[in-house]
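Participant: Sequence below, structure please.
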Amino acid sequence: MIYLAIFLSKILENALATLRIILVSNGKKKSGALLQGLVMLVWILVTGYVIIDINKSIVGVLALCFGAICGSYLGSIIEEKIALGLVKLNIITNNKKEVFKKLKNYKIDYDNNLYIITQRKNINDIIKIIENIDDNYKIISEKIKIYDK
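Facilitator: Here you go, the predicted model:
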């Protein structure tokens, strides 16, 4: 039972650590700092227990390692679901007017070249809309950060 607790705690720790990195890279420093405190608390408790018990059983070490792998993966999945930050989509299409019309509900900033700045979570929806308009499209996606005064 203790090994399951180690495994699950390590998943929690690594998932939170992954999210912390993403928060900080998106400019959310205070949230990232608070999350780091929680990550360290979990790390100290779990790693401390495994180190104390390291000579008795390798199972705790393995639980720690597999928990780290699963936690990192889970953190990536969670980040993808909450989709923090903005992206810039450079869309090359022969049907700009139709694309503009179909994308009016996404609160998009764009110019005549159809550079779209939108939330990451909208990417798949936008691609589906463009696929229905133009079967010969190209999209170049870049992560961006906007600096405002």
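
Participant: give me the number of residues near residue 101?
Facilitator: Residue 101 has 11 neighbours, counted by other C-beta atoms under 10 Å. To be clear about C-beta, it is placed using only N, CA and C from the backbone, and glycine gets the same treatment.

Participant: tell me which element the nearest residue to residue 102 once chain neighbours are set aside falls in.
Facilitator: Distances taken as C-beta to C-beta, 6 or more residues apart in numbering put residue 129 closest to residue 102, at 4.7 Å, once the chain neighbours are dropped. Using DSSP states H and E, residue 129 sits in helix 123-133.

Participant: how much distance is there from that helix to the middle of the chain?
Facilitator: Relative to its parent chain, helix 123-133 has a centroid offset of 21 Å by C-alpha atoms, centre = their mean, to the nearest Å.

Participant: That one packs against which elements?
Facilitator: In terms of contacts (3 or more C-beta pairs under 8 Å, 6 or more residues apart in numbering; DSSP states H and E), helix 123-133 is packed against strand 86-92, helix 96-102, strand 138-144.

Participant: mean confidence score for it?
Facilitator: Helix 123-133 comes out with an average pLDDT of 90.

Participant: and if you look at stretch 63-80?
Facilitator: For stretch 63-80, the per-residue pLDDT averages 89.

Participant: Check what contacts the helix-or-strand element of the chain with minimal mean pLDDT and list those residues.
Facilitator: Sorting the helices and strands of the chain by mean pLDDT, DSSP states H and E puts strand 86-92 at the bottom, at a mean of 76. Strand 86-92 is contacted from outside by 99, 113-120, 123, 126, 130, 137-146, using C-beta atoms under 8 Å, 6 or more residues apart in numbering.

Participant: low-confidence ranges in this protein?
Facilitator: In the predicted model of the chain, residues 109-113, 148-149 satisfy pLDDT under 70.

Participant: In it, what residue spans correspond to helices?
Facilitator: 2-25, 29-52, 59-82, 96-102, 123-133 (DSSP state H).

Participant: Would you indicate which residues of the shortest one are buried?
Facilitator: Neighbour-count burial for helix 96-102, counted by 16 or more other C-beta atoms under 10 Å, picks out 96, 99, 102.
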